[in-house]
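>>> using only what follows, build the 3D model:
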Amino acid sequence: MIAIIPESVEFIIKNGSFKLDQDTSVYADKELNELGNYLREKLTPSTGFKFKEKDLQKNNQIQLKLAKSNWNLSDEGYILKVKNEGVEISAKNSAGIFYGIQTLRQLLPPEIESQKMIKNNEWFISCVEIIDYPRFKWRGFMLDEARHFMGKEIVKKILDLMALHKLNKFHWHLVDDQGWRIEIKKYPKLIEIGSKRKIKTNRGEESNLKDPDFIGGYYNQEELKEIIDYADERFIEVIPEIEMPGHCTAALAAYPELSCTGGPFEVPTKWGIFSDVYCLGKENVYKFLEDVLIEVMEIFPTKIIHIGGDETPKKRWKSCPNCQQKMKELGFDKEEELQVYLTNYFAKFLETHGKRLMGWNEILDPTLSKEAICQFWLGNKRKAAEHMRKGGEVIATNYLQTYLDHSYKIISLRKAYKFEPKFPKVESKFKSKLLGLEAPLWTERVPNLKRLEWQTFPRLTAYAETAWTPKKKKNYKKFKHRLVEFTKRLEFLDVNVAVEKIN
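Numbering: from 1, shown residues only. All right, here's what the predicted structure looks like:
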């Protein structure tokens, strides 16, 4: 059975098949040598074949070729042809070739994903012709590691699974009240103090530190760069999120002078929204955040930096003499204006460094730069629509439709598949400002990989199809039929799929 997910734009089945054997070779244009190696790495463990590199030939070869002709394809599009004598994947650039390889994997039996050699197996690929390209530019997954730290190997596994699904944006939530996960060399206490908290065994937490009473972890800058390079090889952009001005108790525990009250603070063991936030009346807060962002920009090559901006209580600002003095200086009447000021301050700061600010939709304000990217999750869609009308870009991350931490009762697989990113009453000329969608996984109740995978799959598979496949080709009944075969592939990849939720 042929079961491609996400479904291709054009898919034509031909007569015949191509068989991989010990003599099959791989040819890659010079610019595609790394992708040739990647393909061999994917096909060799299960088959035992070496797939030697050979010059272009007519028979028994998989060919990866760049074609600069003016196809009606996006930069991520590709054409895949399987004939009796061989396979050809062609595209305008490397990204298209990479996505063609993901489809080629799915034309082979699920056993191709095994890391152990499958003996006495024949590897046939049905003859097909596929023309394919994505529906949306932004096809994202967000992982929160502030609540539960997962570590380098788990993140790499997630990136591999994203690649198989043709997802291209990894939004990395590295900072929140319950943990600071990124090494900032200028402020070592962020990891010395902010990266660990007392353990709560009643929710399945197990210590991953030398001290059995604490849970935590962080990435040093070398590890971050290693993961970023790994993602880049899979055509995935890594977007870091550094929360401000709220969700920052872990930072305040390390540097209490950044708060309105001066602390002291502990890294919280509870979830929720906390009153203590950065004091926006102190100049050292702006200097601290600038310093942090400078190091973040040195680590992450992305042009986009996420600053959060959601769920910020204004209680402390109302009674803080520093904040009240700042408001007086700026001519503000309401504390809410302080957050607008902070957002615009760092939008300009990032722009001077060639970067773009991104935040949850609480950052929206008529004075916000149109260069800022809005991530809509909850609230008034009209504000997001207005941002689109003035030239701003928006990503759909609807709270009751895409949040992977929700139970399957709240967001079933069917509901996940039916989700359509849209903003009503936005004129057609502005609809291109909707970049796409993202499915976030918040990890308050996700302490380990097994639970992470169970919450994520197969719902992320459904979102991946919406992000890639034309709307007119979406069909839940057909998707579910293909998903049965695709799930076998995930199981060979040692993914804990919630198979009982496929209904």
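>>> roughly how far does the nearest residue to residue 306 once chain neighbours are set aside sit from residue 143?
Setting aside the residues directly before and after it, residue 306 is nearest to residue 241 in space (C-beta to C-beta, 6 or more residues apart in numbering), at 3.8 Å. The way it works is simple: take the backbone N, C-alpha and C, and place the C-beta from them, glycine included. Per C-beta to C-beta, to the nearest Å, residue 241 is found 10 Å from residue 143.
>>> residues contacting residue 54?
For residue 54, the contact set (C-beta atoms under 8 Å, 6 or more residues apart in numbering) comprises 25, 26, 27, 61.
>>> what backbone torsions are found at the third one?
Okay, so that is residue 27. phi -110, psi 130 (degrees, to the nearest 10).
>>> quick check, it in contact with residue 63.
Yes - using C-beta atoms under 8 Å, residue 27 is in contact with residue 63, at 4.8 Å.
>>> shared neighbours, the two?
Taking C-beta under 8 Å, 6+ apart as the criterion, residue 27 and residue 63 both touch residue 56.
>>> spit out the contact partners of residue 357.
For residue 357, the contact set (C-beta under 8 Å, 6+ apart) comprises 305, 307, 343, 346, 347, 350, 351, 363, 369, 371, 372, 373.
>>> before we move on, back to that, from the contacts of residue 54, pick the one nearest residue 297.
Closest approach to residue 297 among these (C-beta to C-beta): residue 26, at 37.7 Å.
>>> tell me which helix or strand that closest one sits in.
Assessed by DSSP states H and E, residue 26 sits inside strand 25-28.
>>> just give me how far that strand sits from the chain centre.
Taking C-alpha atoms, centre = their mean, to the nearest Å, one finds strand 25-28 lying 31 Å from the centre of the chain it belongs to.
>>> counting contacts, what elements does it pack onto?
Applying 3 or more C-beta pairs under 8 Å, 6 or more residues apart in numbering; DSSP states H and E, one finds that strand 25-28 contacts helix 33-47, strand 61-66.
>>> out of these, which is closest to residue 128?
Closest approach to residue 128 among these (C-beta to C-beta): strand 61-66, 13.9 Å.
>>> neighbouring contacts of that closest one?
By C-beta under 8 Å, 6+ apart, strand 61-66 touches 24-29, 31-32, 35-36, 39, 51, 54, 56, 86-94, 97, 100-101, 104.
>>> what's the answer for stretch 424-437, then?
135-140, 373, 381, 385, 387-389, 391-397, 402, 419, 421-423, 463, 466-467.
>>> any of these buried? List them.
For these, a burial check counting by 16 or more other C-beta atoms under 10 Å picks out 135-140, 373, 381, 385, 387-388, 392-397, 402, 419, 421, 423, 463, 466-467.
>>> tell me where the model's unsure across the stretch 1-150 of the chain.
Residue ranges of the stretch 1-150 of the chain with pLDDT under 70: 70-71.
>>> got the residue ranges for the strands in it?
For the stretch 1-150 of the chain, strands defined by DSSP state E, counting those that start in this stretch occupy the ranges 10-20, 25-28, 61-66, 78-83, 86-91, 123-132, 138-144.
>>> so which of these is the most packed in?
Comparing the strands of the stretch 1-150 of the chain by mean neighbour count (mean count of other C-beta atoms under 10 Å), strand 138-144 ranks first with a mean of 25.
>>> other SSEs contacting that one?
Under the contact definition 3+ C-beta pairs under 8 Å, 6+ apart, strand 138-144 sits against helix 152-164, strand 169-173, strand 434-441, helix 459-468.
>>> I'd like the ones you listed as TSV, with distance to residue 296 appended.
Converted to TSV, the helices and strands packed on strand 138-144 look like this (distance: least, C-beta to C-beta, whole Å):
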stretch	distance to residue 296
helix 152-164	17
strand 169-173	11
strand 434-441	20
helix 459-468	26
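>>> which SSE is the residue of the chain positioned farthest from its centre in?
Computed with C-alpha atoms, centre = their mean, the maximum C-alpha offset from the centroid of the chain is found at residue 328, amounting to 40.6 Å. Taking DSSP H and E as the definition, one finds residue 328 inside helix 321-330.
>>> residue 354 belongs to a helix, doesn't it?
No - counting by DSSP: H, G, I helix; E, B strand; the rest coil, residue 354 is not found in a helix; it is coil.
>>> for residue 490, list the residues it contacts.
Counted by C-beta under 8 Å, 6+ apart, residue 490 has contacts 161, 457, 458, 497.
>>> also residue 52?
Residue 52 sits next to 25, 26 when contact means C-beta under 8 Å, 6+ apart.
>>> so how far is residue 34 from it?
In this view, residue 52 and residue 34 are 16 Å apart by C-beta to C-beta.
>>> one step back: among the contacts of stretch 424-437, which are located in helices?
Residues from these lying in helices, with DSSP state H as the criterion: 381, 385, 387, 388, 389, 402, 463, 466, 467.
>>> ok so, going back, which of the contacts of residue 357 lies closest to residue 268?
residue 307 (20.5 Å).
>>> was I right about the closest one contacting residue 242?
Yes - with contact defined as C-beta under 8 Å, residue 307 and residue 242 form a contacting pair (6.1 Å).
>>> picking up where we left off before, export the strands of the stretch 1-150 of the chain as JSON lines, with columns for distance to residue 155.
Compiled in JSON lines, the strands of the stretch 1-150 of the chain are given as follows (distance: least, C-beta to C-beta, whole Å):
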{"stretch": "strand 10-20", "distance to residue 155": "31"}
{"stretch": "strand 25-28", "distance to residue 155": "28"}
{"stretch": "strand 61-66", "distance to residue 155": "27"}
{"stretch": "strand 78-83", "distance to residue 155": "27"}
{"stretch": "strand 86-91", "distance to residue 155": "27"}
{"stretch": "strand 123-132", "distance to residue 155": "27"}
{"stretch": "strand 138-144", "distance to residue 155": "7"}
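>>> going by residue numbers, what spans are strands in the stretch 301-450 of the chain?
Using DSSP E, counting those that start in this stretch, the strands assigned to the stretch 301-450 of the chain run over residues 304-306, 356-360, 373-376, 393-396, 434-441.
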